[in-house]
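J.: Okay, structure incoming, though there's no sequence with it:
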């Protein structure tokens, strides 16, 4: 399954306090247009949503240095590889990974075609909104939910379903579309790097096809540069109308040690710039820091309990503990959301 | 192992007639600079090494049609995905896949550090150049050879070793560097598509890291757009000098039904242009042909026994049988190497 173990734990911890997601697909569609990826800056500042300060300066200093012809730190274009985590780095991840809300919403949406779910666990628990019972179903139960919502359909069907969901489903805490809960300063950073001829990739523990259904439009990162966890799939000729069907079997878990391995497999080059927000990103940052070229490591630190969420060393999701120590020791950049970011989400602008 | 089963059969059939590869790494380096990827055309013809005729015209007509603003067949840039097989499509593949010669050459090169191989099969057979004995070792023996040459080292070491090999090793029949045995007309086609804002990928049964070590330079295709078979790998922090080590376990076999699956996994979009040369590419071409956008399927047909090799429906490698029937029935383009190509290799120019 394309999920991290602590992701599952996260869901269960969250579910202990009532696990209602908010899928508005049956409601009137919101008039919000979702995240905007356009970055307008009348001042010529490429990072207008970042407050002036050491973090912002370290980023612009780095980019200027490695892209300036004649600089001893100049990096040729082919080597300008930047990798970004997604959950907690490009968009929020609370009160649980958004992809898990998708799984639960999908089980509810698919229920009419599965009358047996009314009496069959773990599906009954989801449909009854009985999160205590769902937790009793344990890992095995959750795997069945993820399998039902992520496998057994063609890639085209999955893509279409995710697209519909991302256009309508809302975060239960923020009551905003999930796709609105992206970080404006990070989108600016992606665009700033792209404008300086960096090839920007997402390297996430999230499902690769789940992200590709919306992230290309929302972040401006091409699908083939979006890397994530994968489940297996099979091709069928299907009498001349070929299909690829998603199978309920884990292919690759793109987290922790898996991230450098995925970078090698999909990109084939060591990054010179990497950004994450949790211990799950530490190996990616270590791998980047071992480049012989001048490199930049960035941790997003969730410090804003008002505008977003505040959490780091403890918690059920996005734990930043060892990473925070290593970032401090090695003087990696840390984006303090509360102090470094003028706005968090695009709709605040 | 990053090999196709019929690839292995191919080696054994070839080895039945004496399996000497020609690694010149201990000889004086050739003065040949290897393949050139520059395409000079004083006539403005983007495909100067293609003879004028139906095949060439069908290619240029297609590209003109789908890239012309206002054309009913116009394809937006993001959807201009082209996928090329490598062995037999971008370079030769006779008398056996070149990567297999690498495996045998590597066993010979590694032998001084493995004195036990002098008496241990299957290595003894390789060192004795006793191909009859090597064949007796069967699939298990060949797997040991591939494992010894492709796993157990870091990705950086493997990359360095392949680079050294590709700069010096020669094809035993043509007595040319392997990297000189690339198809000039296909390199022109890659560049022509790139110039028309197609994103060109290699989708090959060959090893992904084997290709990336040289193919970016030789074909002008970025490493992250080179997709192939993979073996598993693991990340080690290694006291701050992190490594990724290649493991002797198959991860993904990128052949036949595997090609559309790999396209979905790595690219996330259906191609609109695909080129191959064997039945192993058929599913990739079928997948491409099912695009709702105007699409183009090309088979390279090995018809030139003088300048290259002639083979199709029968043989031990690169069999084109079902694919030839389907290409004919569906009017896919077929590049007849003898008649459609003015030159085969860059050094003929």
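T.: Received it, and whenever you're ready, just let me know what you need. Keep in mind that what you see is a predicted model, and the values were worked out from it rather than measured. Residues are numbered from 1 along each chain as shown, chains lettered A, B, ... in the order given.

J.: can we go C-alpha only for contacts and neighbour counts from here?
T.: Fine.

J.: residue ranges for the helices of chain A, please.
T.: Ranges of helices in chain A, per DSSP state H, are A:5-15, A:54-67, A:98-110, A:123-127, A:131-136, A:138-150, A:155-166, A:184-195, A:208-212, A:215-219, A:258-266, A:282-289, A:322-329, A:337-340.

J.: Deepest-packed of those helices, please.
T.: Of the helices of chain A, the one with the most neighbours on average (mean count of other Cα atoms under 10 Å in any protein chain shown) is helix A:282-289, at a mean of 26.

J.: Work out the gap between that one and the centre of the chain.
T.: Centroid separation for helix A:282-289 versus its chain: 18 Å, with Cα atoms, centre = their mean, to the nearest Å.

J.: ok, residues contacting that helix?
T.: In this structure, residues lying in contact with helix A:282-289 by Cα atoms under 8 Å, 6 or more residues apart in numbering or on different chains are A:256-257, A:259-260, A:270-276, A:295-298, A:322-323, B:237, B:240, B:242.

J.: Could you check the angle that helix makes with helix A:258-266?
T.: Calculated by axes from the mean of the first three to the mean of the last three Cα atoms, to 10 degrees, helix A:282-289 forms an angle of 50 degrees with helix A:258-266.

J.: Give the closest residue to the residue of the stretch 51-200 of chain A found nearest chain B in space, chain neighbours not counted.
T.: Using Cα to the nearest Cα, the closest approach of the stretch 51-200 of chain A to chain B is made by residue A:78 at 7.8 Å. Leaving aside its chain neighbours, residue A:78 sits nearest to residue B:222 (7.8 Å; criterion: Cα to Cα, 6 or more residues apart in numbering or on different chains).

J.: Could I get the pLDDT score of the one you found?
T.: We have a pLDDT of 98 for residue B:222.

J.: do you know how far it is from residue A:264?
T.: Going from residue B:222 to residue A:264 by Cα to Cα, to the nearest Å gives 13 Å.

J.: Contact distance from chain B - what residues of the stretch 151-300 of chain A qualify?
T.: Contact residues, the stretch 151-300 of chain A versus chain B (Cα under 8 Å from any Cα of the partner chain): A:208-209, A:212, A:222-225, A:227, A:230, A:233-237, A:240-242, A:244, A:257-258, A:260-261, A:265-269, A:283, A:286-287, A:290.

J.: again, 7 Å this time
T.: Selection of the stretch 151-300 of chain A residues close to chain B by Cα under 7 Å from any Cα of the partner chain yields A:223-224, A:233-235, A:241-242, A:244, A:257, A:260-261, A:266-268, A:287, A:290.

J.: Now restrict the contacts of helix A:282-289 to buried residues only.
T.: A:256-257, A:259-260, A:270-276, A:295-298, A:323, B:242 (16 or more other Cα atoms under 10 Å in any protein chain shown).

J.: hang on, isn't residue A:302 packed against residue A:310?
T.: Yes: contact criterion Cα atoms under 7 Å: residue A:302 and residue A:310 qualify, at 4.9 Å.

J.: Comparing the two, which residue is more hemmed in?
T.: Neighbours were counted for residue A:302 and for residue A:310 using other Cα atoms under 10 Å in any protein chain shown; residue A:302 has more, 22 against 14.

J.: So that one versus residue A:174, what's the distance?
T.: To residue A:174, residue A:302 is 16 Å away according to Cα to Cα.

J.: cool, residue A:303 as well?
T.: Distance from residue A:303 to residue A:174, by Cα to Cα: 17 Å.

J.: Counting neighbours, go ahead and name the busier of the two.
T.: A count of neighbours by other Cα under 10 Å puts residue A:303 above the other of residue A:303 and residue A:174, at 17 against 14.

J.: Please name the nearest non-neighbouring residue to that one.
T.: Residue nearest to residue A:303 in three dimensions, not counting chain neighbours: residue A:310, with 4.4 Å by Cα to Cα, 6+ apart.

J.: got the contact list for that neighbour?
T.: Contact analysis of residue A:310 by Cα atoms under 7 Å, 6 or more residues apart in numbering or on different chains lists A:302-304.

J.: Tell me where the stretch 1-150 of chain A is predicted with low confidence.
T.: Along the stretch 1-150 of chain A, segments meeting pLDDT under 70 span A:1-43.

J.: quick one on the thing from earlier: save the contacts of residue A:310 as a markdown table, and put in pLDDT and distance to residue A:318 too.
T.: Converted to a markdown table, those look like this (pLDDT from 0 to 100; distance: Cα to Cα, whole Å):
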| residue | pLDDT | distance to residue A:318 |
| --- | --- | --- |
| A:302 | 98 | 9 |
| A:303 | 98 | 13 |
| A:304 | 98 | 14 |
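
J.: Distance check, residue A:205 against residue A:228.
T.: 5 Å.

J.: Spit out the residues that contact those two alike.
T.: Residues touching both residue A:205 and residue A:228 by Cα under 7 Å, 6+ apart: residue A:254.

J.: on that earlier part again, show the backbone phi and psi for the residue nearest to residue A:78.
T.: With angles defined as degrees, to the nearest 10, residue B:222 sits at phi -60, psi 150.

J.: Assess the claim that residue A:245 and residue A:152 are in contact.
T.: Yes: contact criterion Cα under 7 Å: residue A:245 and residue A:152 qualify, at 6.5 Å.

J.: So these two - more neighbours on which side?
T.: Neighbour count, other Cα under 10 Å: between residue A:245 and residue A:152, residue A:245 has more, with 20 against 15.

J.: what's the nearest residue to that one if we skip its chain neighbours?
T.: Leaving aside its sequence neighbours, residue A:245 sits nearest to residue A:154 (Cα to Cα, 6+ apart; 4.2 Å).

J.: Then residue A:244?
T.: Nearest non-adjacent residue to residue A:244, counting by Cα to Cα, 6+ apart: residue A:235, 4.5 Å away.

J.: quick one on the thing from earlier: tell me the one of the contacts of residue A:310 nearest chain B?
T.: Distance to chain B, by Cα to the nearest Cα, is smallest for residue A:302 among the contacts of residue A:310, at 25.9 Å.

J.: residue contacts, the closest one?
T.: Contact partners of residue A:302, counting by Cα under 7 Å, 6+ apart, are A:309-312, A:336-337.

J.: so which of those residues comes closest to chain B?
T.: Distance to chain B across the contacts of residue A:302 (Cα to the nearest Cα) is lowest for residue A:312, with 22.7 Å.

J.: what's the neighbour count on the residue nearest to the closest one when sequence neighbours are not counted?
T.: In space, and not counting its chain neighbours, residue A:312 is closest to residue A:320: 4.6 Å by Cα to Cα, 6+ apart. Using other Cα under 10 Å, residue A:320 is surrounded by 24 other residues.

J.: Perfect, I'm done here.
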